[in-house]
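Student: Sharing a model prediction with you, sequence too.
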Amino acid sequence: MRKIKTFVALTMVTAAVALTGCSSEKAASYTDGTYTGTSDKGQHAGLKVEVTVKDSKIAEVKVTENQETEGIGSKAIDELPSKIVEKQSTDVDAVSGATKTSDAIKEAVDNALAEAK
């Protein structure tokens, strides 16, 4: 009986410690405005984004300049900005087949958001 109580107590302590690491991060708070970020990570000459922050949240992401391949990199340009706005983070999956462009967009958005903090 004592072994069972010890086992249950250890299990509860282990679960409590494990769940502590599962707490959600506090959302970043940004100053409202429109910010520009750039990246040279793209497949070609890099790109520029414009990030709009409203009510301390990412309201809009636009790729304003790019030299990416039409039909390949353009998939990331079309899809990634809305995912970043939805998740309120650049911690989103890259678009399949357009990894370099995806990385460039995320880096440019991070650079813009660094100005907004």
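Tutor: Here it is on my side, so go on.

Student: so which strand or helix has Ser102?
Tutor: Using DSSP states H and E, Ser102 falls within helix 99-116.

Student: quick one: buried residues of that helix?
Tutor: 100-113, 116 (16 or more other CB atoms under 10 Å). (Each C-beta comes from the backbone N, C-alpha and C, glycine too.)

Student: what packs against that helix?
Tutor: Using 3 or more CB pairs under 8 Å, 6 or more residues apart in numbering; DSSP states H and E, the elements in contact with helix 99-116 are strand 33-39, strand 47-54, strand 57-66, helix 73-87.

Student: Touching the first one from outside, list them.
Tutor: Where contact means CB atoms under 8 Å, 6 or more residues apart in numbering, the residues beyond strand 33-39 that reach it are 46-53, 64, 103-105, 107-116.

Student: try 7 Å
Tutor: Contacts to strand 33-39, defined as CB atoms under 7 Å, 6 or more residues apart in numbering, come from residues 46-53, 104, 107-113, 115-116.

Student: what does the second one give?
Tutor: Applying CB under 7 Å, 6+ apart, the external contacts of strand 47-54 come out as 30-39, 58-66, 68, 104-105, 108-109, 112-113, 116.
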